[in-house]
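*Asks:* fold the stuff below for me.
(chains A and B)
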2 protein chains.
Amino acid sequence: VFEVSDLTKVLLGPASIELGKRLAETLGAESVPVESKSFPDSESYVRISGDVSGENVVIAQSTYPPQDRHLVQLLQLLDTARDLEASKLVAVVPYLAYSRQDKRFRSGEAVTVKTVVKLVEAAGADSLTTVDVHSDKILELFKIKALNVSAMSAIGEYFSSLRLREPYVFAPDAGALDRAKIVAEQLDAEYAFFQKQRDRTTGAIKTEAKDVRVKDRDTIIVDDIISTGSTIANAASILRRQGARSIYVACTHPLLLPGAKEKIIAAGANEIIGTDCVASDVSRVSVASIIAESLRKIL
Amino acid sequence: VFEVSDLTKVLLGPASIELGKRLAETLGAESVPVESKSFPDSESYVRISGDVSGENVVIAQSTYPPQDRHLVQLLQLLDTARDLEASKLVAVVPYLAYSRQDKRFRSGEAVTVKTVVKLVEAAGADSLTTVDVHSDKILELFKIKALNVSAMSAIGEYFSSLRLREPYVFAPDAGALDRAKIVAEQLDAEYAFFQKQRDRTTGAIKTEAKDVRVKDRDTIIVDDIISTGSTIANAASILRRQGARSIYVACTHPLLLPGAKEKIIAAGANEIIGTDCVASDVSRVSVASIIAESLRKIL
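*Replies:* Reported below is the predicted structural model:
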């Protein structure tokens, strides 16, 4: 039987160096550095600086923006490890690029997540773990074993340590309610979601939550991804107007496109927290132990 | 038997719109536009704006810089056309990204062209045509039919129409001599190559050509790729010093990284000409008919 202790090496993909190191530590495996650079013509170069021949290897490489560069690096590392005669190859891709392109809305549109799945398999992955993926159905596209885990318990743990006052956890929309629930239950807190409504004439999106009693309470808004930050900023400004004592914003994937952080802070949030699924300066929560745990299931 | 006339559609990949149109015209096939954009988070979106179901389809999509974006678009288009139940899929990839990463110089390095070949095949290509690829050996990596054609006859034709005075064709290094020869023979001209030598102490590269009699003659420097332009600029400045009447610079793939054009012109070149393997403002020569001809061989 193949066990987690048989995973002897963790490749530190350029997009997930810190997460990779933490994962290696958690697994008791050896970190293998990856040299990476861009050639003057902007081609991606990677080099595995360690021996992987005959080893069972975890490749930690997230595919947050720039997605295409990070995706190509992932494929380079998989194919190179395969070429160097690694034994098992486990891809750890916490943010799976293109996972929101999972449906054909208009004829002729690319359903790119299908393509990404095909490419990862063709490059040599034997299994894959991802975190808070856009839709669980994506997993069905894989022929190899694929697993989606949630970062919410790690986020809940983070807030548990803060000793919040009567915390109240919010999902910025109905789709995120399950995630808010996980965090809320860990804090023994209330939870609710905001309703997004599109104005039929102006097309503007209005956010509202009914019966929200947050006056003088610590609040947390939880989501899977923060990109432009508009949804979160709407929610934060409502909580601010209703007299919340503090507003924490937490997410699994802090993509935080230019201007997003400023927008959220300007709307009244006190702090933004993300996980190391995306390397950023707000990535204060690690998913390393959640991923290590998932590897037990996937092997 | 499958014939060129059975190729009924040419997809105009975002990197090769003009070449694709010319190719469709040459083949007597229908051009199929491709809608493309970047989402705010910078993911690539493509949509095939036409019916390809049951059709034999050429996908024209070069992979010059930004290579990763153009490569992802190529893979999206292949996989989408396959998904939409196209019959045969012929990839026309005039500039094949990563083809210079074809050897492992240091242990652990990615030989990325191998990976690219794998991905193109996994995405659904039945055959592939490329132009003046870095090394012919790359073709051996393909399981599908793959062909490399030279743009030099089209470049030779271009110069034939210019009525040059005692033309002299130069290769900027020994490796490009075969290409210079093709152009020279079309012009009934002399040809030679420059010798690159690396100074053993300073590491600087010196370029020289022996017995070059170019005074008052029209000269042409021919290469496959112009990236930084340094090699070409060295050669041009020698020809200028030796009194050439004019110096034309021609290449298949005008990558022309920032500053390259200026460098070459400052060195004394009169004009830079490239082909539509790479869409650029110097792409005045089309490889459409050369590619159309190659498709006869590949089917």
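
*Asks:* ok but A:Arg240 is inside a helix, no?
*Replies:* Yes. Assignment of A:Arg240 by DSSP: H, G, I helix; E, B strand; the rest coil places it within a helix.

*Asks:* any idea how far the nearest residue to it once chain neighbours are set aside is from A:Asp218?
*Replies:* For A:Arg240, ignoring the flanking residues on the chain, the nearest one in space by Cβ to Cβ, 6 or more residues apart in numbering or on different chains is A:Gly268 at 3.2 Å. C-beta coordinates here come from the backbone N, C-alpha and C atoms, glycine included. A:Gly268 is 13 Å from A:Asp218, where distance means Cβ to Cβ, to the nearest Å.

*Asks:* ditto for A:His253
*Replies:* For A:His253 relative to A:Asp218 (Cβ to Cβ), the value is 23 Å.

*Asks:* higher neighbour count, those two?
*Replies:* Between A:His253 and A:Asp218, counting by other Cβ atoms under 10 Å in any protein chain shown, A:His253 is the more crowded of the two (26 against 22).

*Asks:* so who does the more buried one touch?
*Replies:* A:Tyr64, A:Pro94, A:Tyr95, A:Val131, A:Asp132, A:Asp224, A:Ile225, A:Ile226, A:Gly274, A:Thr275, A:Cys277, A:Val278 (Cβ atoms under 8 Å, 6 or more residues apart in numbering or on different chains).

*Asks:* most neighbours among those, which one is it?
*Replies:* The most crowded member of these, judged by other Cβ under 10 Å, is A:Cys277 (32 neighbours).

*Asks:* ok, now which ones touch A:Arg106?
*Replies:* Neighbours of A:Arg106 in contact, by Cβ under 8 Å, 6+ apart: B:Arg47.

*Asks:* the closest residue to chain B within the stretch 151-299 of chain A: how many residues sit nearby?
*Replies:* Chain B sits closest to A:Ser227 of the stretch 151-299 of chain A, with a gap of 5.1 Å, by Cβ to the nearest Cβ. Per other Cβ under 10 Å, the neighbour tally for A:Ser227 reads 20.

*Asks:* repeat for A:Glu262
*Replies:* Under the neighbour criterion other Cβ under 10 Å, A:Glu262 is assigned a count of 12.

*Asks:* can you pull the phi/psi pair for A:Ala91?
*Replies:* Note on A:Ala91: backbone dihedrals following degrees, to the nearest 10 are phi -90, psi 130.

*Asks:* which phi and psi does the residue of the stretch 101-250 of chain A found nearest chain B have?
*Replies:* Across the stretch 101-250 of chain A, the shortest distance to chain B (Cβ to the nearest Cβ) belongs to A:Ala122, at 3.4 Å. Backbone torsions for A:Ala122, taken as degrees, to the nearest 10, come to phi -60, psi -30.

*Asks:* show me where the stretch 151-299 of chain A has strands.
*Replies:* In the stretch 151-299 of chain A, the strands defined using DSSP state E, counting those that start in this stretch lie at A:168-171, A:190-193, A:195-198, A:205-208, A:218-226, A:246-254, A:271-275, A:283-285.

*Asks:* kindly report the same for the stretch 1-150 of chain A.
*Replies:* Applying DSSP E, counting those that start in this stretch to the stretch 1-150 of chain A gives strands spanning A:7-12, A:30-38, A:44-48, A:56-60, A:89-92, A:127-131, A:145-149.

*Asks:* turn these into CSV, including mean pLDDT and distance to chain B.
*Replies:* Shown next, in CSV, are the strands of the stretch 1-150 of chain A (pLDDT from 0 to 100; distance: least, Cβ to the nearest Cβ, whole Å):
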stretch, mean pLDDT, distance to chain B
strand A:7-12, 96, 10
strand A:30-38, 98, 8
strand A:44-48, 98, 4
strand A:56-60, 97, 12
strand A:89-92, 98, 14
strand A:127-131, 97, 15
strand A:145-149, 97, 17
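
*Asks:* show me what contacts A:Val111?
*Replies:* A:Gln101, A:Asp102, A:Lys103, A:Arg104, B:Thr80, B:Asp83.

*Asks:* out of those, who's nearest A:Thr8?
*Replies:* A:Asp102 (34.3 Å; Cβ to Cβ).

*Asks:* ok, back up a step: can you pick the most crowded of the contacts of A:Val111?
*Replies:* Counting neighbours by other Cβ under 10 Å, B:Thr80 leads the contacts of A:Val111 with 27 neighbours.

*Asks:* was I right about A:Pro254 contacting A:Ile226?
*Replies:* Yes. A:Pro254 is in contact with A:Ile226 according to Cβ atoms under 8 Å; the separation is 5.6 Å.

*Asks:* okay, and the common contacts of the two?
*Replies:* A:Ile272, A:Gly274.

*Asks:* which parts of the stretch 151-299 of chain A sit against chain B?
*Replies:* Within reach of chain B by Cβ under 8 Å from any Cβ of the partner chain, the stretch 151-299 of chain A has these residues: A:Ser227, A:Thr228, A:Leu255, A:Leu257.

*Asks:* just the buried ones from these, in PyMOL syntax?
*Replies:* Here is the PyMOL command that selects the buried residues among these (16 or more other Cβ atoms under 10 Å in any protein chain shown):
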select buried, chain A and resi 227+228+255
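
*Asks:* need the residues of the stretch 151-299 of chain A next to chain B in CSV (columns: pLDDT).
*Replies:* Below are those laid out as CSV (pLDDT from 0 to 100):
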residue, pLDDT
A:Ser227, 95
A:Thr228, 95
A:Leu255, 97
A:Leu257, 96
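
*Asks:* tell me the one of the residues of the stretch 151-299 of chain A next to chain B nearest A:Leu139?
*Replies:* A:Leu139 has its nearest neighbour among these in A:Leu255, at 21.3 Å by Cβ to Cβ.

*Asks:* which residues touch the residue nearest to that closest one when sequence neighbours are not counted?
*Replies:* Leaving aside its chain neighbours, A:Leu255 sits nearest to A:Ser227 (4.8 Å; criterion: Cβ to Cβ, 6+ apart). Shown here is A:Ser227, whose contacts under the criterion Cβ under 8 Å, 6+ apart are A:Leu255, A:Leu256, A:Leu257, A:Ala260, B:Pro40, B:Asp41.

*Asks:* ok so, going back, give me the pLDDT for the residue of the stretch 101-250 of chain A closest to chain B.
*Replies:* At A:Ala122, the model reports a pLDDT of 98.

*Asks:* what sits against the closest residue to it other than its chain neighbours?
*Replies:* With sequence-adjacent residues excluded and distances taken as Cβ to Cβ, 6+ apart, A:Ala122 is closest to B:Ala122, at 3.4 Å. Residues in contact with B:Ala122 (Cβ under 8 Å, 6+ apart) are A:Lys118, A:Leu119, A:Glu121, A:Ala122.

*Asks:* those in helices, which ones?
*Replies:* Judged by DSSP state H, these include A:Lys118, A:Leu119, A:Glu121, A:Ala122 as members of helices.

*Asks:* looking at these, which has the most residues close by?
*Replies:* Going by other Cβ under 10 Å, A:Leu119 tops the ones in helices among the contacts of B:Ala122 with 23 neighbours.
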